[in-house]
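>>> Whatever this is, show me its structure:
(one chain, ligands or ions: 2)
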Amino acid sequence: MIELKDLSYVRFGTSNLEDAESFATKCLGLQVGEQSGKALYLRSDDRAHTLCYFEGDPAEQTVGFEVDDEAQLDAAAATLDQLGHPVHAGTAGECASRKVKAFIGFKDPSGNHIELVVRPERSGKRYFGSRDAGITGFSHVGLFTSDPARDERFWTQVCNARVSDRIGDVALMRVNAIHHTIALAPGPKAGVHHVNHQVESNDDVLRSYYHLSEKRVPIVFGPGRHPTSGARFLYFRGPDGMVFEYSIGVDEIEDEDTHRPRQFGFEPSSLCMWGSKRNW
Ligand SMILES: O=C/C=C/C(C(=O)O)=C(/O)C(=O)O
Ligand SMILES: [Fe+2]
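Ligands and ions are numbered 1, 2, ... in the order given. Sure, this is the predicted structure:
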């Protein structure tokens with residue numbers, strides 16, 4: 001079993017690093033941790049980075065998850081190899097560019113680029129957002145899936161994810177107490193469906209709604225409230241069409257042993273209990 005501890009980062013290729021920086025700082029509210037050559041490292045919490053934009057093809061999208069140590073990484077590599085997923089061990093240069101001690105890369109059954117990392121760098125400097133978006137941290141990703149049932153099996157049987165709730169056949173899965181760290185979203189091709197940052201309060205969600213609207217950032221869902229995690233949310237589009245989400249109040253699963261996933265119908269009221277309609 002591959003024991004995922006936490007989400008670590010997302011890495012996105014972009015054709016316009018300057019635009020990506022402008023969005024990340026003026027709209028999303030992240031902090032530039034480092035700009036080195038053709039890569040921009042952005043912070044959202046006490047880690048050295050949780051989002052990296054690099055000059056490249058926007059179709060290059062990778063999600064990194066932290067595992068405990070190098071022994072776990074070796075065991076994960078052996079498991080994946082045995083299951084027929086080709087595994088790439090990060091070179092020293094690639095580890096440096098991810099600010100981790102070691103990592104392996106592979107593709108999940110839908111073809112999503114996943115990295116498992118050991119010892120991602122933290123920073124002694126407090127995260128200080130470039131605008132007051134109220135961000136408290138990087139929290140979850142949506143991943144496109146071409147077969148939700150198959151991918152749920154991969155994440156829950158090969159890895160340690162547990163299903164917190166389902167909307168239709170779509171699973172919201174946790175790897176720790178937080179309601180979900182991975183959300184599967186049916187789609188025609190692999191890639192990241194959305195990137196979530198938590199914010200401090202409901203006020204932050206609504207403040208950002210006005211801030212982003214004024215900046216003509218396309219709002220694609222919300223303000224609203226998910227009946228699944230209970231979170232109040234706002235989704236909006238960033239560079240290369242990527243969707244970002246702010247949310248506040250995601251449930252925690254109190255008892256691992258007794259929690260049973262709830263089944264929601266695949267209908268608008270399962271996505272937002274206030275009546276907001278998803279527009280992407
Ligand atoms: O559209 C449903 C989304 C549900 C949630 C949630 O319960 O918080 C998400 O954030 C998500 O799927 O990303
Ligand atoms: Fe989400």
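>>> Let me see the contact set for P86.
Shown in contact with P86 (Cβ atoms under 8 Å, 6 or more residues apart in numbering): 106-107. From N, CA and C alone the C-beta is placed, and that goes for glycine too.
>>> Now do the end-to-end distance for stretch 135-154.
31 Å (Cα to Cα, to the nearest Å).
>>> Check whether that stretch comes into contact with ligand 2.
No - no part of stretch 135-154 sits near ligand 2 under the criterion Cβ under 5 Å from the ion; the closest distance found is 5.7 Å.
>>> list the buried ones in that stretch?
135-136, 138-145, 148, 151-152, 154 (16 or more other Cβ atoms under 10 Å).
>>> Any chance of a markdown table for these, columns distance to ligand 1 and pLDDT?
Shown next, in a markdown table, are the buried residues of stretch 135-154 (distance: Cβ to the nearest ligand atom, whole Å; pLDDT from 0 to 100):
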| residue | distance to ligand 1 | pLDDT |
| --- | --- | --- |
| I135 | 15 | 98 |
| T136 | 15 | 97 |
| F138 | 13 | 97 |
| S139 | 9 | 96 |
| H140 | 6 | 98 |
| V141 | 8 | 98 |
| G142 | 5 | 98 |
| L143 | 10 | 98 |
| F144 | 12 | 98 |
| T145 | 12 | 97 |
| P148 | 12 | 96 |
| D151 | 14 | 98 |
| E152 | 14 | 98 |
| F154 | 18 | 98 |
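>>> which residues pair with the residue lying closest to H140 once chain neighbours are set aside across the strands?
What sits nearest to H140 in space, not counting adjacent residues and going by Cβ to Cβ, 6 or more residues apart in numbering, is N196, at 4.5 Å. Counting by DSSP bridges, N196 forms beta bridges with H140, E245.
>>> N196 is in contact with I248, isn't it?
No - using Cβ atoms under 8 Å, N196 is not in contact with I248; the gap is 10.7 Å.
>>> of those two, who's got more company?
Higher neighbour count among N196 and I248: N196, with 23 against 20, using other Cβ atoms under 10 Å.
>>> residue nearest the centroid of the protein?
Of all residues in the chain, the one closest to the mean position by Cα atoms, centre = their mean is V141, 2.5 Å from it.
>>> Report the separation between that one and M242.
As judged by Cβ to Cβ, to the nearest Å, V141 and M242 stand 11 Å apart.
>>> what's the overlap in contacts for these two?
192, 194-195.
>>> what's the closest of those to ligand 2?
Nearest to ligand 2 among the shared contacts of V141 and M242: H194, at 5.7 Å, using Cβ to the ion.
>>> Contact residues of the stretch 51-200 of the chain facing ligand 2?
Near ligand 2, the residues belonging to the stretch 51-200 of the chain are N196 when assessed by Cβ under 5 Å from the ion.
>>> Looking at the stretch 51-200 of the chain, what residue ends up closest to ligand 2?
Using Cβ to the ion, N196 is the residue of the stretch 51-200 of the chain that sits closest to ligand 2, at 4.4 Å.
>>> Quick check: residues of the chain near ligand 1?
Counting by Cβ under 6 Å from any ligand atom, the chain comes close to ligand 1 at 142, 167, 172, 183, 196, 226, 228-229, 231, 247, 250, 271.
>>> in terms of contact, does the residue nearest to the centre of the chain touch G191 like I think?
No - using Cβ under 8 Å, V141 and G191 do not qualify as a contacting pair, with a distance of 10.4 Å.
>>> if we can go back for a sec, what about the shared contacts of V141 and M242, which one has the most neighbours?
Going by other Cβ under 10 Å, V195 tops the shared contacts of V141 and M242 with 24 neighbours.
>>> hang on, it packs against F244?
Yes - the pair V195 / F244 is scored as a contact, 5.3 Å apart, by Cβ under 8 Å.
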